[in-house]
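Engineer: sequence plus the predicted model coming up.
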Amino acid sequence: MADILYIVVPCYNEEAVLPETARRLRAKLESLTASEKISKKSRVLFVNDGSRDSTWSIIEKLHGECPLFSGVNLSRNRGHQNALLAGLMTAKERCDMAISMDADLQDDIDAVDAMVEQYYDGCDIVYGVRSSRQKDTFFKRFTAEAFYRLMNFMGAETVFNHADYRLMSKRALEGLSQFKEVNLFLRGIVPMIGYTTGAVAYERGERFAGESKYPLKKMLSFAMEGITSLSTKPIRYITMLGFLIFLVSILMLIYSVVRWATGDTIIGWASVICSVWAIGGLILLSLGVIGEYIGKIYLETKGRPRFLIREVLEDTDDGQAD
Ligand code: UDP
Ligand code: MG
């Protein structure tokens, strides 16, 4: 018996693309069911993220016409990540594997076959990785790549050139549901789940209708969100800076003592210059130390699972003589 696949699609003001997206996803599901790769109970799950256009009524109509389509309607706009999570958590109860993808089908849906294949080969998470961004504008490509580099530098480790196009098994979704944090940055959290992972490369296309819901402003706040919710490295950088300035202050101390000893300074110069550097360094260093503790508290309050068990080997048969 083949496993149940749910394709989870967050939608925010996507009336321009939904009918076509639905048509293509339906064809994909039907071809996968026909070749018996997935169960007939597989579905496309649209999540309406508080759209202000007719997105939800289109979803209702699709659901009425074809049982392959189901929908979740959020109470208001909560943003891409939350909409996606809502969809994944709804799918978790019903599916064996879920694939998340954007409503504009910029991510090549033909990669779905390869993802499902890797799932059957034992992968719990299969990342869709962009092989190139030739179809994106230069600006989008440049800012997006700068985004990944900045994230990694700031300690928010993510899979390079992977957005939210991925397959997750039921077990991986159960793991994800144990991350209770409110500021959920899925791309950073999913690699923390572990288990066997795979990747599928695909070519990213253009949005075929409508416009991007991720302008630069949203992308920057997304990066900020990602960094501050995943890592406390910025605090570490402050501590390091404080330490560095403190070292400089020692050099300055030596320098000004030498200048003072050789006698070519104004009275008071040496003491002022030493205090400026030493106090600046000490203040930064102390801020960093306080920050380190706050960072610890911050990570504790997230209450992340400390481990997820892959498998247990035990003998449940108590017929053994002892
Ligand atoms: N999206 C959402 N809520 C939002 C913004 C976006 O659910 O507040 C969805 C949107 O409908 C799409 C996906 O997130 O399915 C990605 O958005 P988009 O394609 O506009 O981003 P881009 O590909 O330009 O980065
Ligand atoms: Mg898009």
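Structural biologist: Right, received. Where do you want to start? Numbers count the residues shown, from 1 in each chain. Ligands and ions are numbered 1, 2, ... in the order given.
Engineer: centroid residue for this structure?
Structural biologist: Geometric centre of the chain, nearest residue: residue 187, 1.7 Å, by Cα atoms, centre = their mean.
Engineer: tell me the contacts of it?
Structural biologist: Neighbouring residues of residue 187 by Cβ atoms under 8 Å, 6 or more residues apart in numbering: 158, 159, 162, 163, 164, 226. For glycine as for every other residue, the C-beta is placed from the backbone atoms N, C-alpha and C.
Engineer: quick one: contacts for the third one?
Structural biologist: By Cβ under 8 Å, 6+ apart, the residues touching residue 162 are 127, 128, 129, 130, 187, 199.
Engineer: would you list those in JSON lines and tack on pLDDT and secondary structure?
Structural biologist: JSON lines is the format used below for these (pLDDT from 0 to 100; DSSP: H, G, I helix; E, B strand; the rest coil):
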{"residue": "127", "pLDDT": "93", "secondary structure": "strand"}
{"residue": "128", "pLDDT": "92", "secondary structure": "strand"}
{"residue": "129", "pLDDT": "89", "secondary structure": "strand"}
{"residue": "130", "pLDDT": "86", "secondary structure": "strand"}
{"residue": "187", "pLDDT": "86", "secondary structure": "helix"}
{"residue": "199", "pLDDT": "90", "secondary structure": "strand"}
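Engineer: between the residues you listed, which is closest to residue 2?
Structural biologist: Nearest to residue 2 out of these is residue 128 (Cβ to Cβ; 21.2 Å).
Engineer: apart from its chain neighbours, what residue comes closest to the closest one?
Structural biologist: Using Cβ to Cβ, 6 or more residues apart in numbering and skipping the chain neighbours, the partner closest in space to residue 128 is residue 165 (3.5 Å).
Engineer: ligand 1 contacts on the protein?
Structural biologist: Residues of the chain lying close to ligand 1 by Cβ under 6 Å from any ligand atom are 10-12, 14, 49, 77, 79-80, 83, 102-104, 106, 212-214.
Engineer: determine which two of these are furthest apart.
Structural biologist: 77 and 106 (20.6 Å).
Engineer: who has more neighbours out of these two?
Structural biologist: Neighbours per residue (other Cβ atoms under 10 Å) separate residue 77 from residue 106, with residue 106 holding more: 20 against 15.
Engineer: who's in contact with the closest residue in space to residue 186 that isn't next to it in sequence?
Structural biologist: Leaving aside its sequence neighbours, residue 186 sits nearest to residue 81 (Cβ to Cβ, 6+ apart; 5.6 Å). By Cβ under 8 Å, 6+ apart, the contact list for residue 81 reads 164, 184, 185, 186.
Engineer: please apply the same query to residue 111.
Structural biologist: With Cβ under 8 Å, 6+ apart, residue 111 has these contacts: 128, 165, 200, 201, 202.
Engineer: ok, residue 228 next?
Structural biologist: By Cβ under 8 Å, 6+ apart, the contact list for residue 228 reads 183, 234.
Engineer: so how far is residue 222 from it?
Structural biologist: Applying Cβ to Cβ, to the nearest Å, the value for residue 228 to residue 222 is 11 Å.
Engineer: list the contacts of stretch 278-293.
Structural biologist: The contact list for stretch 278-293 (Cβ under 8 Å, 6+ apart) reads 232, 235-236, 238-249, 253.
Engineer: buried only: go through these for me.
Structural biologist: Using 16 or more other Cβ atoms under 10 Å as the burial test, the contacts of stretch 278-293 include 232, 235, 236, 238, 239, 242, 245, 246, 249, 253 as buried.
Engineer: point out where the stretch 51-200 of the chain drops to low pLDDT.
Structural biologist: The model of the stretch 51-200 of the chain has pLDDT under 70 over residues 133-136.
Engineer: tell me the secondary structure at residue 47.
Structural biologist: Under the three-state scheme (DSSP: H, G, I helix; E, B strand; the rest coil), residue 47 adopts strand.
Engineer: dump the residue contacts of the residue nearest to it when sequence neighbours are not counted.
Structural biologist: With Cβ to Cβ, 6+ apart as the criterion, residue 47 has its nearest non-adjacent residue at 4.0 Å, and that residue is residue 87. When contacts are counted by Cβ under 8 Å, 6+ apart, residue 87 touches 8, 9, 10, 45, 47, 72, 98, 100.
Engineer: need the phi and psi values for residue 87.
Structural biologist: Dihedral angles of residue 87 (phi, psi; degrees, to the nearest 10) stand at phi -70, psi -50.
Engineer: which parts of stretch 171-184 are buried?
Structural biologist: For stretch 171-184, by 16+ other Cβ under 10 Å, it's 171, 172, 173, 175, 176, 179, 184.
Engineer: what does the stretch 101-250 of the chain put close to ligand 2?
Structural biologist: Residues of the stretch 101-250 of the chain found near ligand 2 (Cβ under 5 Å from the ion) are 102, 104, 106.
Engineer: now for the helix or strand that contains residue 22, which elements pack on it?
Structural biologist: Using DSSP states H and E, residue 22 sits within helix 18-34. The elements that helix 18-34 packs onto, with contact taken as 3 or more Cβ pairs under 8 Å, 6 or more residues apart in numbering; DSSP states H and E, are strand 5-11, strand 43-48, helix 55-65, helix 111-120.
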